[in-house]
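[1] Fold the following for me, if possible:
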Amino acid sequence: IIDGRFNIDCGHFENMSTRLQDCLRPNCLFSRRHVHVVGCKSQSCIRLMALPVKNPIRICPSTCSGCKLQPVD
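    Numbers count the residues shown, from 1 in each chain. Model prediction:
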């Protein structure tokens, strides 16, 4: 999970901090509840991580600093 600032004007998300959260699914290789303890070869198990969730803890009405630095054409 990525906590950060969402800029309404430009729609960009700026990261502020990250944390991990267990999905707790028994068919996920990355979960502590995974049913196959060692050397899982099961095709039904999830082997890829999903993209992290972006959690806007701050909402800013202006543009981000990256967009402010870009020259206007």
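
[2] Which pLDDT does the model give the residue most central in space within the chain?
    Residue closest to the average C-alpha location in the chain (CA atoms, centre = their mean): Pro52, at 1.8 Å. Pro52 carries a pLDDT value of 84.

[3] my read: it touches Ile1, true?
    Yes: with contact defined as CB atoms under 8 Å, Pro52 counts as touching Ile1 (6.3 Å). For glycine as for every other residue, the C-beta is placed from the backbone atoms N, C-alpha and C.

[4] who touches both of the two?
    Thr18 (CB atoms under 8 Å, 6 or more residues apart in numbering).

[5] Contacts for stretch 27-35 next, please.
    Residues contacting stretch 27-35 (CB under 8 Å, 6+ apart): 22-26, 40, 42, 44-47, 49.

[6] What is the nearest of those to Glu14?
    Among the contacts of stretch 27-35, Met49 lies closest to Glu14 (CB to CB), at 22.2 Å.

[7] my guess is that closest one is in a helix, correct?
    No: the assignment for Met49 (DSSP: H, G, I helix; E, B strand; the rest coil) gives coil, which keeps it out of a helix.

[8] that older thread, could the contacts of stretch 27-35 be laid out in TSV, adding neighbour count and pLDDT?
    Formatted as TSV, those follow (neighbours: other CB atoms under 10 Å; pLDDT from 0 to 100):
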residue	neighbour count	pLDDT
Asp22	10	86
Cys23	13	87
Leu24	10	87
Arg25	14	88
Pro26	10	88
Cys40	14	83
Ser42	11	84
Ser44	6	84
Cys45	16	87
Ile46	14	82
Arg47	11	81
Met49	10	79
